[in-house]
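no sequence on this one, just coordinates:
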């Protein structure tokens, strides 16, 4: 076998391996959006995104490990969410999206995305 044929085979195999890795990593990054009610109804879910609103007066913050435990609601059902990590502009009563796993009645969030609270505040002179 010639050197150029070996190079072509190696390049071909490399392209195939790279393509497979891209497809696998892309599929692992996809997580469906569910409502709080849908997650509770399922009882167990892995790698899902849940839309809801942070329930006022439900947050407990643990300084020692930078963990927040709070309730998220879709207006019908509530779930307990546990998230460890840095959060900017955290505020109760605003919409949020959590991504992670739901098991044993608790949603273990790997990611917490908060909507901009200023969008949901009533401006001076306006009514809600």
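Thanks, I have the structure now. Computed from a prediction, not measured in an experiment: that's the story for all the values here.

residue ranges for the helices of this protein, please.
In the chain, the helices defined using DSSP state H lie at 3-29, 36-42.

weakest of the ones you listed by average pLDDT?
Ranked by mean pLDDT, these end with helix 3-29 in last place, scoring a mean of 71.

so how far is residue 106 from the residue minimising distance to the centre of the chain?
The centre of the chain sits closest to residue 99, judged by Cα atoms, centre = their mean, with a distance of 1.7 Å. According to Cβ to Cβ, to the nearest Å, residue 99 stands 15 Å off from residue 106. No exception for glycine: its C-beta is placed from N, CA and C like everyone else's.

Likewise for residue 80?
Relative to residue 106, and taking Cβ to Cβ, residue 80 is found at 5 Å.

Residue 60 now?
Taking Cβ to Cβ, one finds residue 60 at 13 Å from residue 106.

who has more neighbours, those two?
residue 106 (14 against 10; other Cβ atoms under 10 Å).

for that one, what are its contacts?
79, 80, 81, 82 (Cβ atoms under 8 Å, 6 or more residues apart in numbering).

who does it bridge with?
residue 80, residue 103 (DSSP bridges).

before we move on, what about residue 69?
Bridge pairing for residue 69 - DSSP bridges - gives residue 60, residue 82.

pretty sure it is touching residue 54, no?
No - Residue 69 is beyond contact range of residue 54, at 11.5 Å (criterion: Cβ atoms under 8 Å).

pLDDT weak spots in the chain?
1, 19-31, 117-128 (pLDDT under 70).

Domain ranges for it, per the record?
Structural domains annotated on the chain: 1-30, 31-120, as defined by automatic domain parsing.

between the contacts of residue 106, which is nearest residue 114?
residue 81 (12.1 Å; Cβ to Cβ).

close enough to count as contact, the closest one and residue 60?
No - using Cβ under 8 Å, residue 81 is not in contact with residue 60, being 11.0 Å away.

Report how many residues lie close to residue 89.
Residue 89, neighbours per other Cβ under 10 Å, totals 10.

go on, residue 113?
Neighbours around residue 113, by other Cβ under 10 Å: 13.
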